[in-house]
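Student: dropping a prediction and its sequence here:
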Amino acid sequence: MHTCKVELKKDHLSKISKTAPAQALVELIWNSLDADSNNVKVSYRQGPLGIDQITVKDDGTGIVYDDLESLFGFLGGSWKAFSTLTSKGRVIHGKEGQGRFKVFALGRAVTWKVAFKDGGKYFEYQIQSFAEEPNKFNFTDIKESKNIKTGVTVVIDNLHSTFPSIMGENAKHNLLPTFALYLTNYKNIHIIIDNLKLDPSEIIIRKHSIPLKEVSYKNTIHKSFLDIIEWSEINNRELFYCDENGFTLEKYNHQIRGTGDFSYSAYLKSTLNTELHKIGLLTLAGDQSIIKLSGNAVDEIKKYFFDRSIEESKTVLQKWKEDQIYPYINEPENAVETAERKVFDIVAINVKSHLPDFDSTDQKTKAFHLRMLRQAIEKSPEELQTIVNEVLQLPKKKQEQLAELLQEVSLTSIISASRLVTDRLKFLSGLEHLLFDENSKKNLKERSQLHRILAENTWVFGDAFSLSVDDQSLTEVLKKHAHHSNVAAVINSPVKRIDGRVGIVDLMLSRSIPRNHSNELEHLVVELKAPKVVIGESEIQQIKSYAFAVATDERFRSLDTRWHFWIISNDFDDYAELELDQSNYQDGVIYKANKKINLTIWVKTWSQLIQEAKHRLEFIKEKLNYNIDKTESLNYLKETYSKFTKGLLEVDGVETSDNKEKAQQFHSADGVNCGGADAANYVGATSDE
């Protein structure tokens with residue numbers, strides 16, 4: 001026997017050899033494939049207490065005896081480091097020379113039986129090593145072989161366990177995903193484990209490749225691709241980091257949610273993976289490049305399987321359409337309607353598959369369930385959780401899967417955001433009617449109607465502010481200001497206007513200013529006027545008296561605060577126009593001070609305010625391709641603010657509540673007590689009745 005030693009510390013080699021059993025077996029198989037084996041067979045010998053020996057046998061080229069000591073004597077001295085292809089033209093997997101040490105994760109004693117060809121003759125020899133000294137390899141003298149064949153047989157004894165994870169069907173589930181791409185590319189290769197052939201072609205449903213966005217690492221641009229394989233028999237949902245050729249390096253160590261019940265293996269191929277794997281940083285997630293690349297891959301996986309869910313549901317959806325129970329008639333007209341349709345389809349299909357009685361129920365009941373789902377999605381995607389839980393009673397696991405799916409694909413957030421925008425656009429359109437329609441504006445009451453509606457929609461004045469004071473005295477305004485400012489001021493005497501009277505402000509909105517100091521505040525005090533009131537001298541003096549009362553109050557004069565006072569109505573007279581005609585102020589400002597107190601007083605019209613609010617929503621409106629319908633807007637306002645709008649809203653001369661009869665007709669059209677989204681305009685119109 002001869003001996004060679006690896007020139008590295010034993011503790012380092014022990015660390016390398018500590019790996020999962022499946023990964024240790026994978027490394028042995030890769031070594032066989034890199035040696036141009038066409039056949040690799042893994043077998044187990046049964047002992048009294050289970051398997052007591054593992055054998056990995058291949059028909060590769062073996063290891064030339066003269067190269068033995070140089071190859072086994074150095075970690076990282078693998079011949080593969082200097083080659084990219086085998087003698088048969090296959091891409092090489094391992095290049096680090098670590099695979100031979102990972103075998104010790106399986107057993108204590110390892111023997112390599114090597115047969116190779118040199119000069120037309122066949123030779124054989126053996127190598128032996130033990131886990132106690134993993135850096136020490138003993139090898140026999142070379143001798144000519146009677147067998148005319150080459151290859152390596154690795155025999156592992158004194159096993160650490162019976163390793164059920166790499167036996168029988170478990171071996172297929174745990175090992176086939178690793179070799180799937182390789183076996184797909186090289187169809188003449190056969191890997192047999194415990195008498196089961198690893199053949200991906202038999203259980204691959206489909207394979208899909210996706211180019212990913214390029215990422216940069218240390219001034220080098222790395223191209224990346226994602227391959228997804230769907231399985232019919234393997235229960236697998238994993239993402240593998242691979243080199244550019246598709247050889248698996250490591251697994252993505254986070255669970256990927258939102259892929260439904262699909263079984264798949266995903267392969268992220270990139271030269272970046274190879275580079276980071278060499279220095280041990282691939283799965284540490286310490287570099288932003290691999291974080292970004294992994295995120296791109298996960299996003300594409302979720303998107304792919306969401307689309308696959310829709311694709312698989314087409315047959316069912318077509319049947320619903322033929323039976324006229326599918327709750328949509330026309331094709332989606334914009335991005336939001338498309339998102340709504342996708343969410344509905346995926347939820348409805350999942351509901352069907354987990355309600356055993358769904359198919360056996362009558363058409364009217366099915367139509368009711370489907371319309372209920374549609375209405376929940378369009379009104380508020382968040383209501384879906386209540387529907388699937390309390391009404392449809394889906395299993396808890398399925399509820400969680402649905403919630404993850406809808407959250408991860410972000411379609412519900414698109415719908416929620418679009419609903420917010422469309423509701424606001426409808427509100428503005430309805431508000432215009434209240435303020436400018438001849439019949440409405442003369443009957444609109446300032447405090448009990450206009451004030452109350454706007455108190456619930458302060459976003460009209462700007463999204464940055466939140467409501468602090470609603471229809472209260474100046475004293476309450478300053479108390480609220482003291483609270484926002486964390487000022488321990490005692491406010492037990494009323495704050496009065498300059499003329500001595502107590503002032504009541506309609507609305508005060510507040511926000512913190514994210515500038516240099518956290519205690520900086522900005523307040524907006526709004527004085528609302530009914531549209532029939534024309535802003536003139538008395539109204540301007542009123543808003544000034546409110547502002548000056550705040551400015552002259554000694555308790556707050558030194559605080560770092562911006563105050564804005566607005567007075568709003570449909571129009572203003574000549575007096576107000578002269579107040580506004582000041583060249584040193586911006587449009588709309590009638591007073592500005594910033595020495596003792598930062599104070600600005602504005603005169604605004606409702607048309608200006610509504611136009612500004614519409615402008616803030618314009619970009620999203622265009623993306624949604626949303627057209628404002630007068631009837632829809634008035635019905636929305638009437639439904640949402642029925643207690644403040646009674647008797648005010650008419651559509652083409654007929655009060656919207658008259659649509660109640662139409663809604664009832666819609667309900668009874670097919671005998672199903674469910675309005676659905678198509679009836680929403682009519683249903684909402686009945687709220688005052």
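Tutor: Noted; the coordinates are in hand.
Student: ok now the host helix or strand of Asp299, how far from the chain's centre?
Tutor: Secondary structure assigned from DSSP states H and E places Asp299 in helix 288-312. For helix 288-312, the distance from its own C-alpha centre to the chain's C-alpha centre is 9 Å (CA atoms, centre = their mean, to the nearest Å).
Student: what's the helix or strand immediately after that helix in the chain packed up against?
Tutor: For helix 288-312, the following helix or strand on the C-terminal side (DSSP H and E) is helix 314-322. In terms of contacts (3 or more CB pairs under 8 Å, 6 or more residues apart in numbering; DSSP states H and E), helix 314-322 is packed against helix 335-353. To be clear about C-beta, it is placed using only N, CA and C from the backbone, and glycine gets the same treatment.
Student: buried sites along the helix it packs on?
Tutor: Neighbour counts using 16 or more other CB atoms under 10 Å place 336-337, 339-352 of helix 335-353 among the buried residues.
Student: which stretches in the stretch 401-550 of the chain count as helices?
Tutor: Taking DSSP state H, counting those that start in this stretch as the criterion, the stretch 401-550 of the chain carries its helices at 411-436, 438-443, 452-455, 474-485, 537-551.
Student: and the closest residue to Asp463 other than its chain neighbours, what element?
Tutor: Nearest in space to Asp463, with sequence neighbours left out and distances taken as CB to CB, 6 or more residues apart in numbering, is Arg616 at 7.4 Å. Assessed by DSSP H and E, Arg616 sits inside helix 606-624.
Student: now Val40
Tutor: Assigned by DSSP H and E, Val40 belongs to strand 39-47.
Student: buried ones in that strand?
Tutor: For strand 39-47, by 16+ other CB under 10 Å, it's 40-42, 44.
Student: correct me, but Ser309 touches Ile349?
Tutor: Yes. Counting by CB atoms under 8 Å, Ile349 is a contact partner of Ser309 at 7.1 Å.
Student: and the closest residue in space to Asn457 that isn't next to it in sequence, how many neighbours?
Tutor: If the residues on either side of it in the chain are set aside, Asn457 comes closest to Phe427, at 6.2 Å by CB to CB, 6+ apart. The burial count assigned to Phe427 is 22, neighbours taken as other CB atoms under 10 Å.
Student: same deal with Ser209?
Tutor: Look at Ser209: counted by other CB under 10 Å, it has 10 neighbours.
Student: is it bridged to anything, and to what?
Tutor: The residues listed as beta-bridge partners of Ser209 by DSSP bridges are Asp227.
Student: so what's it up against?
Tutor: Neighbour list for Ser209: 225-228 [criterion: CB atoms under 8 Å, 6 or more residues apart in numbering].
Student: would JSON lines of those residues with distance to Asn330 and neighbour count be doable?
Tutor: Conversion of those to JSON lines gives the following (distance: CB to CB, whole Å; neighbours: other CB atoms under 10 Å):
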{"residue": "Phe225", "distance to Asn330": "38", "neighbour count": "16"}
{"residue": "Leu226", "distance to Asn330": "35", "neighbour count": "23"}
{"residue": "Asp227", "distance to Asn330": "38", "neighbour count": "19"}
{"residue": "Ile228", "distance to Asn330": "33", "neighbour count": "21"}
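Student: looking at those, spot the one nearest Phe101.
Tutor: Nearest to Phe101 among the contacts of Ser209, counting by CB to CB, is Asp227 at 29.6 Å.
Student: could you check the distance from that closest one over to Pro200?
Tutor: Using CB to CB, to the nearest Å, Asp227 is found at 12 Å from Pro200.
Student: what do you get for Lys278?
Tutor: Distance from Lys278 to Pro200, by CB to CB: 28 Å.
Student: these two: which is more packed in?
Tutor: Using other CB under 10 Å, the more surrounded residue of Lys278 and Pro200 is Pro200, with 20 against 12.
Student: ok, the more buried one touching Leu183?
Tutor: Yes. The pair Pro200 / Leu183 is scored as a contact, 5.4 Å apart, by CB under 8 Å.
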